[in-house]
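J.: no sequence on this one, just coordinates:
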Ligand code: NDP
């Protein structure tokens, strides 16, 4: 992790994710040589949404890189819910498939996301979205933790700051980011405040935070002046601007001048998500080490 100036350090997710992939690659090589099954990840993509197609391509490429066997199941948008459920049923029964990932969002018409997520066997639910896995996290006994929140916690741990007793302010309450991050930080004894679009005095909340996690999808909503001296800032947002560049939910330059640690966009949280997916797949195949 490198320092842009004396006080602020960049939480380099790209670098950390690469380290994790290298460790996984070595672990998989050794495990397979010792007779363990090759971890297998099935990806299911319904339709041809360009952003989803890119995410899936990246996931398949990362599987190859570390030695996870990849099984890709593309379905036409017109395939329908029954065909999708049949595909998942087949993958649930396939012993070579240890993890199943259905790329979200599903096309709006004709699909029930809840029913699809519930149809994945909890022990193959490497995205951690099945209600049983979400419930286990809520009860403080996590099994499969959703990949982006798991990556966020790993980045915060990288600072080696003791999380216990710190005030963590989370912006965004989605099931895939905000809520699981809150549970993970509660599990580390942080004092957690959850903010959302109806929160009043958002700026005040952020000013009082030792740890800020911004996952709202609003470009640079969090101003640098809102950040308290020495805070840890995790920017989950990925917002594409008209000129094609990406910005986060935090105004980076201003925030970096106040924070002790900050994630860049891109190259912060994003790369950690796939690394955690690969880690969850290895755990699904071999159990937690
Ligand atoms: P959602 O749209 O599901 O949730 C957004 C949340 O932000 C909601 O809880 C919403 O509140 C809240 N919100 C929206 N506007 C404001 C505002 N002005 N003030 C306070 N809160 C607000 O988004 P996701 O959680 O799926 O994603 C959030 C961001 O993270 C996006 O930019 C997304 O692209 C990115 N992302 C990045 C990933 C990565 O790997 N790096 C992975 C997943 C997401 P309310 O509930 O009241 O509507």
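T.: Happy to help now that I have it. Given the structure is predicted, the values throughout are model-derived calculations rather than measurements.

J.: how about low-confidence regions in this protein?
T.: 1-6, 289 (pLDDT under 70).

J.: okay, now the domains of it?
T.: Under the assignment automatic domain parsing, the domains of the chain span 36-122, 146-270.

J.: which of the ones you listed sits most buried?
T.: Most buried of those by mean neighbour count (mean count of other C-beta atoms under 10 Å) is domain 146-270; its value is a mean of 19. The C-beta positions use only the backbone N, C-alpha and C, and glycine is treated the same way.

J.: what does the stretch 1-150 of the chain have sitting close to the ligand?
T.: Neighbours of the ligand within the stretch 1-150 of the chain, by C-beta under 6 Å from any ligand atom: residue 148.

J.: now do 8 Å
T.: For the stretch 1-150 of the chain, the residues in contact with the ligand (C-beta under 8 Å from any ligand atom) are 147, 148.

J.: the helices in the stretch 1-150 of the chain, which residues?
T.: 13-33, 50-66, 81-93, 113-119, 131-138, 147-158 (DSSP state H, counting those that start in this stretch).

J.: May I have the strands that pair with the following helix or strand past the last one, each with its orientation?
T.: It stands for helix 147-158. As assigned by DSSP states H and E, the chain's next helix or strand after helix 147-158 is strand 167-171. Here strand 167-171 has these sheet partners by DSSP bridges: strand 191-195 (parallel), strand 211-214 (parallel).

J.: Not counting residues beside it along the chain, what's closest to residue 73?
T.: Of all residues not flanking residue 73 in the chain, residue 44 sits nearest, at 4.6 Å (C-beta to C-beta, 6 or more residues apart in numbering).

J.: between the strands paired with strand 167-171, which gets nearest to the ligand?
T.: Proximity to the ligand (C-beta to the nearest ligand atom) singles out strand 191-195 among these, at 5.6 Å.

J.: touching the ligand at all, the closest one?
T.: Yes: Strand 191-195 reaches the ligand (C-beta under 8 Å from any ligand atom) through residue 195.

J.: Nearest to the ligand: which residue in the stretch 1-150 of the chain?
T.: residue 148 (4.2 Å).

J.: surely that residue meets residue 236?
T.: Yes: shown here, residue 148 and residue 236 form a contact pair, counting by C-beta atoms under 8 Å, at 6.7 Å.

J.: show me what contacts residue 106?
T.: 46, 47, 84, 113, 116 (C-beta atoms under 8 Å, 6 or more residues apart in numbering).

J.: Make TSV out of the residues you listed and add distance to residue 97.
T.: Formatted as TSV, those follow (distance: C-beta to C-beta, whole Å):
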residue	distance to residue 97
46	18
47	21
84	15
113	21
116	16
